[in-house]
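K.L.:
only geometry, no sequence info:
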């Protein structure tokens, strides 16, 4: 039997797919198919009065005149602008739409003047400047956004620099922050026009975020940002006023929690904690929203665990667990037991971890939750492998693989094949390991799971280079893996780059020694 490659670690925790860690997935919506309304007709029917007021503003505005358009979704803004372009009161207007969405924008006036210099003005037409995207530099939280702070000081300079009516199109939270942090500029406004969101727009945003069945951990950084943008707008739609009903409060907290999870996925720990704590604070003493409170505590526990604050994470999981036991939420109780077990295992408390996993497993078997069961079997397989009980680990992974195939979870199947490949590699069964890794790679390429693909490429490349002395394949695999890690901004890119350099050095040495 070939000896184990020197670079293979004894533990299998090197690759634990995040979606197998019991954090819970995203629920899918079960909407009945409905006829999709015409977007323009739907928007106009909701906002006829506001549209007419804005058209009148455009008709009469002259010189530098400020109007604020409160609109939460860009899709609705596009409809609004296109509709007004054909409105009789706007016949003499030239609409100029500028997207200023740089999150680091500070000097709005200077940027606006520069952009307008590139626009061709139509003779005998009145320019109307529509500005969108400023919410990116206004942000949803934090004190004194630099752009708003600057607006107060340069307000008077706009009169000569931008001698046209300007409409600032912003979601309501951004307008509230303009009022708070740029009161001098706000006082110059000649109109505030509020538009209601189309139900179909809100539904689309919810379906693509909180009801999406796409596994979060497969998202790229740019996908996370798009998700955050949608969720921030949904927060405005779901935010209750007055005395909210229990469902309204639950929905609002759900979106806050999802926003916290999204910021965590982007690596923005501060914002992630901010929204998760908001959800926790809002649900305090709210009996009807305890399930959402438990969710937020669970997700904040994951955040703390990722930061290495293990005791805080355990305390949060325990709070979440207590609530779930009180309300009889045994399904998500299994997920929290699962997370606690991971922390206990990482602390070296293997017996405690196994006991917690077993509790989770008992629940999942009782309620028929085979997906969470698969996640727990996966973790138990890791523990068995780390204890040297390889055959037991393989048996557990085979059971996971059967569940993956039964449920059609091809992403889970790819991860399980990867884990089995690692076991075979650790046993020195290199050909079998490479075959399993290749099968996993074929799936990840098909479904676009680039994170699993990146790790699998490293294993194939490492085995090729270290065992088979096939440096060309090793270099090719590590280059492709590195490109993925760099693209998603992974901290693992640095290590992959080092390993690639080592293989390249070995290849160069081989080429030198083989020269005649």
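P.N.:
Structure received. Bear in mind the structure is a predicted one, so any value in this text is a computation, not a measurement. Numbers count the residues shown, from 1 in each chain.
K.L.:
For the chain, which element, helix or strand, carries the lowest mean pLDDT?
P.N.:
Lowest on mean pLDDT, DSSP states H and E among the helices and strands of the chain sits helix 199-207, with a mean of 68.
K.L.:
downstream neighbour of that one in the secondary structure list?
P.N.:
Sequence-wise, the next helix or strand downstream of helix 199-207 (DSSP states H and E) is helix 221-238.
K.L.:
in that next one, what's buried?
P.N.:
The neighbour-count check on helix 221-238 (16 or more other CB atoms under 10 Å) flags 223-225, 227-238 as buried. C-beta: built from backbone N, CA, C; applies to glycine.
K.L.:
Likewise for stretch 272-292?
P.N.:
Residues of stretch 272-292 classed as buried: 272-276, 278-280, 282-283, 289-292 (neighbour count, 16+ other CB under 10 Å).
K.L.:
got it, and stretch 73-85?
P.N.:
Across stretch 73-85, burial judged by 16+ other CB under 10 Å covers 73, 74, 75, 76, 77, 79, 80, 81, 83, 84.
K.L.:
thought the second one was touching residue 135?
P.N.:
No. Judged on CB atoms under 8 Å, residue 74 makes no contact with residue 135 at a distance of 10.1 Å.
K.L.:
What is the neighbour count of residue 301?
P.N.:
Neighbours of residue 301 under the rule other CB atoms under 10 Å: 27.
K.L.:
secondary structure element for the closest residue to it other than its chain neighbours?
P.N.:
Nearest residue to residue 301, sequence neighbours excluded (CB to CB, 6 or more residues apart in numbering): residue 316, at 3.6 Å. Taking DSSP H and E as the criterion, residue 316 maps to helix 310-327.
K.L.:
Compute the inter-axis angle for the helix or strand just after that helix and helix 310-327.
P.N.:
Remark: after helix 310-327, the chain's next helix or strand is helix 330-346, criterion DSSP H and E. Angle of helix 330-346 versus helix 310-327, following axes from the mean of the first three to the mean of the last three CA atoms, to 10 degrees, is 160 degrees.
K.L.:
list the buried ones in helix 330-346?
P.N.:
Applying 16+ other CB under 10 Å to helix 330-346 flags 331-345 as buried.
K.L.:
pLDDT check: weakest of those?
P.N.:
Among those, residue 331 has the lowest pLDDT, at 78.
K.L.:
show me what contacts that residue?
P.N.:
Listed by CB atoms under 8 Å, 6 or more residues apart in numbering, the contact set of residue 331 reads 363, 367, 369, 372.
K.L.:
what two of these are the furthest from one another?
P.N.:
Farthest pair in the contacts of residue 331 (CB to CB) is 367 and 372. Separation: 8.9 Å.
K.L.:
quick one, which of these two is more surrounded?
P.N.:
Legend: neighbour count by other CB under 10 Å for residue 367 and residue 372, higher for residue 372 (24 against 13).
K.L.:
Relative to residue 332, how far out is that one?
P.N.:
As judged by CB to CB, to the nearest Å, residue 372 and residue 332 stand 9 Å apart.
K.L.:
Same check on residue 280?
P.N.:
16 Å.
K.L.:
Then residue 305?
P.N.:
As judged by CB to CB, residue 305 and residue 332 stand 17 Å apart.
K.L.:
Could you do residue 445 as well?
P.N.:
From residue 445 to residue 332 the distance is 33 Å (CB to CB).
K.L.:
next one: residue 112
P.N.:
Noted for residue 112: a distance of 49 Å to residue 332, by CB to CB.
K.L.:
Counting neighbours, what do you get for residue 143?
P.N.:
The tally of other residues near residue 143 (other CB under 10 Å) stands at 7.
K.L.:
tell me the contacts of the residue lying closest to it once chain neighbours are set aside?
P.N.:
Spatial nearest neighbour of residue 143, excluding adjacent residues (CB to CB, 6+ apart): residue 181 at 8.0 Å. Residue 181 makes contact with 143, 144, 145, 148, 149, according to CB under 8 Å, 6+ apart.
K.L.:
Residue 320: which of the residues you listed is nearest?
P.N.:
Nearest to residue 320 among the contacts of residue 181 is residue 143, at 31.0 Å by CB to CB.
K.L.:
Out of the buried residues of stretch 272-292, which one has the weakest pLDDT?
P.N.:
Among the buried residues of stretch 272-292, residue 289 carries the weakest pLDDT, at 78.
K.L.:
right, and that one touches residue 280 too?
P.N.:
No. Contact criterion CB under 8 Å: residue 289 and residue 280 do not qualify, at 10.4 Å.
K.L.:
Could I get the full set of helices for the stretch 101-250 of the chain?
P.N.:
108-117, 135-138, 146-154, 158-161, 172-181, 183-186, 199-207, 221-238, 246-266 (DSSP state H, counting those that start in this stretch).
K.L.:
Now render those as a markdown table, adding distance to residue 90.
P.N.:
Output for the helices of the stretch 101-250 of the chain, formatted as a markdown table (distance: least, CB to CB, whole Å):
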| stretch | distance to residue 90 |
| --- | --- |
| helix 108-117 | 19 |
| helix 135-138 | 25 |
| helix 146-154 | 27 |
| helix 158-161 | 22 |
| helix 172-181 | 23 |
| helix 183-186 | 25 |
| helix 199-207 | 23 |
| helix 221-238 | 26 |
| helix 246-266 | 35 |
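K.L.:
For these, which has the smallest mean pLDDT value?
P.N.:
helix 199-207 (a mean of 68).
K.L.:
Can you give the contact residues for the helix or strand where residue 405 lies?
P.N.:
Here residue 405 sits within helix 390-407, counting by DSSP H and E. Helix 390-407 has contacts (CB under 8 Å, 6+ apart) with 12, 370-371, 373-374, 377-378, 380-382, 384-385, 409-410, 412-413, 416-417, 419-420, 423, 426-427.
K.L.:
what stretches of the stretch 51-200 of the chain score poorly on pLDDT?
P.N.:
The model of the stretch 51-200 of the chain has no residue with pLDDT under 70.
K.L.:
do that again at 80, thanks
P.N.:
Per-residue confidence for the stretch 51-200 of the chain (pLDDT under 80) gives these ranges: 140-143, 199-200.
K.L.:
For it, just list every one of the strands.
P.N.:
Here the stretch 51-200 of the chain has its strands, by DSSP state E, counting those that start in this stretch, at 65-70, 93-99, 126-132, 165-170, 189-194.
K.L.:
Need these in TSV (columns: mean neighbour count).
P.N.:
Converted to TSV, those look like this (neighbours: other CB atoms under 10 Å):
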stretch	mean neighbour count
strand 65-70	21
strand 93-99	17
strand 126-132	20
strand 165-170	24
strand 189-194	16
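K.L.:
What average pLDDT does stretch 499-508 get?
P.N.:
Stretch 499-508 shows a mean pLDDT of 89.
K.L.:
Go ahead and name everything in contact with it.
P.N.:
By CB under 8 Å, 6+ apart, the surrounding residues in contact with stretch 499-508 are 7, 458, 461, 462, 465, 471, 472, 474, 475, 478, 479, 482.
K.L.:
circling back to that earlier point, which neighbours do residue 367 and residue 372 share?
P.N.:
Shared contacts of residue 367 and residue 372 (CB under 8 Å, 6+ apart): 331, 334.
K.L.:
How much space separates residue 326 from residue 252?
P.N.:
22 Å.
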